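1. just a sequence and a predicted model for now, questions to come.
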Amino acid sequence: MRVLIPGPLRDYTANAAAVSADGHTLGSLLAELDRRFPGFRFRIIDEQGRIRRHIKFFVDGVQANDLNPTLDNVAEVMIVCALSGG
Amino acid sequence: MAKGDISRGRRATLLIATRKGLWQLGTDATRRQWRLAGPHFLGHVVHHCIADPRDGRTMLAAARTGHLGPTIFRSADRGRTWHEAKRPPAFREGSGRVVDHSFWLAPGHASEPGIWYAGTSPQGLFRSADGGATWDGVDGFNEHPMRKAWCGGDQDGTPDGPKLHSILIDPRDPDHMYIGMSSGGVFESANRGAAWRPLNAGVKADFLPEPTPEFGHDPHCVRLHPVLPDRLYQQNHCGIYRLDRPAERWQDIGASMPKSVGPIGFPMVVHPRDPDTLWVFPMDGTKVWPRTSPAGKPAVYRSVNGGKSWQRQATGLPKTQAWLTVKRQAMTADQGTPVGVYFGTTSGEIWGSRDEGRTWKCLAAHLPHVYAIEVA
C-alpha cells in the first residue's frame, strides 16, 4: 500500500512524500516502517503504544484511533501532523 | 579538556538551545568578538545541548518538535554532523507513563567515558552507557514505590511540565549522585541511582499545606561545586540555599538579598575554582509570578562569601523597562581568568561578561526563546 509521509517525518524517508509498505494492521505497518527508517515509529507512537497527541492516521480516508485497524485491501494510509501551535 | 576552558588560547563556544533550534556562538580566548553559527535542527524544540568534557568532541542535544515525540541527537565531531539516538529515553512499556521531553543532559563521571544521564518531563531518570546512542531507565528512581508521592502527578509541577533536572555526579565517587525535581525536591543516591532519599531539610515549601515537608519542594536549579563537592547550592522557588555536607540541613542564603529584589530566580552558576563565589539572576516572584527582572531593571547578583552577602552587577545591562526572563538552564560560566559569565533570555538575547559579572555586553539578539546555554 501507499503510505503518505508528512513533512516533519521526511528526514527519515530521504524526503520521500510517499513510500510503499505492507502490514496486516496499522501496528505491523509501523513496525515495518521503523525497520526501514529507524526511529520513525517513536516520533509518532509513544512508549505505551498510543498515537501521539498531534499525529493522525487515515486509512483509506477513515481516521484510525489506535494501531489495531486491519489493512487488508487498503490502498492508502495517510499520516498527518495536526496543528501544534507556536 | 575541561568544560569551557578558554585558557591557553583555546576557543570557546556557547551552545544555545532554543524553542526553535540550536545555535553556536563562538569566540577566541580574548572573548571580545563573537560569531553566531547555525541553526541546527531549525524548528525543533531543543531543551538542552551539552558537550562532553571527557573527550572534547561529543555533544548531545535533547529535542522534539511540536508534532513529533522526544529524541536525542548525538554528534561525535563537535556539532558538525548529528545522528539520532537508536533508543531515546522512554518509560517502561506498561507503566502508563510517557516521556514528553528530555530536559536535562549530564555527562557521567570523568572515569566513565560513554556514560550519560538524562532527566525528563515528567520526572524520569535515564542512563546511557554508549555515549547517548541507547538509553535505559534508572529503575531505582523510575520504579521506586515512593516516586509518585515524591513527584506528584505527571500534570503537576512547572507550567510546561514537571521536570527532573540538576543531575549532579560527585567527582570523587561515580556512585554518589544528586538530582533536583520540580516538583519533588532534591534527592541523593549513594549507589549509582539504585536507591534514593530526600535531602530537603531546611528548605521552605510555602506553597504546600505543610511548609517544611520532607519532599515536594521546588528546586529550580542545583549546583555542586567541582573543587569542593561537599558544597551544594540551590536556587529554589522559595529562596536561595547552601548545603555543606555531611550536614543534612540547607542554610537560607537568600535572606541576605536586597528586599526590593528578593531571592527568587531560576538559574544559578558557581565559580569554577572558588567555592564561595556564585551568581544568580533574580526574577519577580511576587503575587502571580511574572518571572521577569524585578521592576524591569535586570541585574545579576554575585556572592563571593558563600551567600552571606550579595553584590548587584548590572553595568552594561538595560537600566529600565527590560523585562528579562532567564530559564534555569540558561546561565553558565566558562573556565577563563577572569571567569566569563553568560545568560540567555526568553526574548532571544545572549548576554556575556568576561570579568566575572562586573560589566555586561549583549553578544547576540533576535534568537528564539532561549532554553539553555552551555560552554563547550
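-> That came through fine. It should be emphasised that the depicted structure is a prediction, and the values quoted were computed from it without experimental measurement.
2. burial measure for the closest residue to chain A within the stretch 1-150 of chain B, as a count.
-> Ranked by C-beta to the nearest C-beta, the top residue of the stretch 1-150 of chain B for proximity to chain A is B:Gly66, at 3.2 Å. In short, each C-beta sits where N, CA and C put it, glycine included. Residues within reach of B:Gly66, counting by other C-beta atoms under 10 Å in any protein chain shown, total 17.
3. was I right about it contacting A:Arg52?
-> No: the pair B:Gly66 / A:Arg52 is not scored as a contact, 10.8 Å apart, by C-beta atoms under 8 Å.
4. pLDDT score for residue 18?
-> As the question left the chain open, I've gone with chain A. With respect to pLDDT, A:Ala18 has a value of 98.
5. you answered for a different chain; I wanted chain B.
-> 98.
6. just B:Ser7 next, same as before
-> Model confidence at B:Ser7 (pLDDT) stands at 55.
7. could you do B:Glu93 as well?
-> 97.
8. now swap in the one 5 residues further on and tell me
-> Among the per-residue scores, B:Val98 shows a pLDDT of 96.
9. how about it: what's its closest non-neighbour residue?
-> Spatial nearest neighbour of B:Val98, excluding adjacent residues (C-beta to C-beta, 6 or more residues apart in numbering or on different chains): A:Asp46 at 4.5 Å.
10. B:Val339 belongs to a helix, doesn't it?
-> No: per DSSP: H, G, I helix; E, B strand; the rest coil, B:Val339 lies outside any helix segment and is coil.
11. isn't it right up against B:Leu278?
-> No: at 11.0 Å, B:Val339 does not count as touching B:Leu278 under the criterion of C-beta under 8 Å.
12. for the closest residue to B:Gln311 other than its chain neighbours, which three-state class applies?
-> Excluding the flanking residues, the one nearest B:Gln311 by C-beta to C-beta, 6+ apart is B:Arg302, at 5.3 Å. Here B:Arg302 is recorded as strand under three-state DSSP.
13. that older thread, what touches both of B:Val339 and B:Leu278?
-> Residues within reach of B:Val339 and of B:Leu278 at once, by C-beta atoms under 8 Å, 6 or more residues apart in numbering or on different chains, are B:His271.
14. tell me how far A:Met1 lies from B:Pro107.
-> 44 Å (C-beta to C-beta, to the nearest Å).
15. who has more neighbours out of these two?
-> Shown here are A:Met1 and B:Pro107; by other C-beta under 10 Å, B:Pro107 has more neighbours (24 against 16).
16. chain center to stretch B:319-329, what's the gap?
-> Taking the mean of its C-alpha atoms, stretch B:319-329 sits 17 Å from the chain's own mean (C-alpha atoms, centre = their mean, to the nearest Å).
17. typo on my end, stretch B:206-224
-> The answer for stretch B:206-224 is 17 Å, by C-alpha atoms, centre = their mean.
18. in the longest helix that chain A contains, which of the residues would be classed as buried?
-> In chain A, with assignment by DSSP state H, the single longest helix is helix A:26-36. Applying a neighbour-count criterion of 16 or more other C-beta atoms under 10 Å in any protein chain shown, one finds A:26-27, A:29-30, A:33-34 buried in helix A:26-36.
19. neighbour-wise, which of B:Val339 and B:Leu278 wins?
-> B:Leu278 (26 against 23).
20. near chain B, which residues of chain A?
-> A:6, A:8-9, A:38-39, A:42-50, A:52, A:54-55, A:81-82, A:84-86 (C-beta under 8 Å from any C-beta of the partner chain).
21. what ranges does chain A have for its helices?
-> A:26-36, A:40-44.
22. from B:Leu363, how far out is the nearest residue to B:Arg354 once chain neighbours are set aside?
-> Closest residue to B:Arg354 apart from its sequence neighbours, by C-beta to C-beta, 6+ apart: B:Arg31 at 4.3 Å. Distance of B:Arg31 to B:Leu363, computed by C-beta to C-beta: 9 Å.
23. now the common contact residues for these two.
-> Common neighbours of B:Arg31 and B:Leu363 (C-beta under 8 Å, 6+ apart) are B:Gly352.
24. hmm, B:Ile169 and B:Arg192 touching each other?
-> No: the criterion here is C-beta under 8 Å, and B:Arg192 misses it with B:Ile169 at 9.7 Å.
25. overlap in contacts, the two.
-> Common neighbours of B:Arg192 and B:Ile169 (C-beta under 8 Å, 6+ apart) are B:Met177.
26. which one's more surrounded, the two?
-> B:Ile169 (22 against 18).
27. from B:Ser189, how far out is that one?
-> 10 Å.
28. tell me, what's touching those two both at once?
-> Residues touching both B:Ile169 and B:Ser189 by C-beta under 8 Å, 6+ apart: B:176-177.
29. what about A:His61, neighbour count?
-> You called it His, but residue A:61 is Gly. Neighbours of A:Gly61 using other C-beta under 10 Å come to 8.
30. ok, now which ones touch it?
-> Counting by C-beta under 8 Å, 6+ apart, the residues that A:Gly61 touches are A:76, A:78.
31. ok, now how distant is it from A:Glu76?
-> 8 Å.
32. swap in B:Lys361?
-> 56 Å.
33. check B:Trp323 too.
-> Counting by C-beta to C-beta, the gap from B:Trp323 to A:Glu76 is 50 Å.
34. comparing the two, which shows the higher neighbour count?
-> B:Trp323 (19 against 14).
35. ok but the more buried one is inside a helix, no?
-> No: under three-state DSSP, B:Trp323 falls outside any helix and is assigned coil.
36. follow-up on the earlier one: helix/strand/coil for the residue of the stretch 1-150 of chain B closest to chain A?
-> Quick answer, by three-state DSSP: B:Gly66 is coil.
37. show me where chain A has its strands.
-> Taking DSSP state E, the strands of chain A run over residues A:2-4, A:18-20, A:55-59, A:62-64, A:76-81.
38. so how far is the third one from its chain's centroid?
-> So that's strand A:55-59. 7 Å.
39. now that strand against helix A:26-36, angle please.
-> 110 degrees (axes from the mean of the first three to the mean of the last three C-alpha atoms, to 10 degrees).
40. quick one: contacts of strand A:55-59?
-> Here strand A:55-59 has contacts from A:26, A:44-45, A:51, A:63-64, A:69, A:71, A:74, A:76-82, B:67, using C-beta under 8 Å, 6+ apart.
41. dig out what the closest residue to B:Gly357 other than its chain neighbours forms beta bridges with.
-> Distance criterion C-beta to C-beta, 6+ apart; nearest residue to B:Gly357, sequence neighbours excluded, is B:Gln313 at 4.0 Å. Per DSSP bridges, the residues bridged to B:Gln313 are B:Val300.
42. list the contacts for B:Gln313?
-> Per C-beta under 8 Å, 6+ apart, neighbours of B:Gln313: B:279, B:299-302, B:353, B:357-358, B:360.
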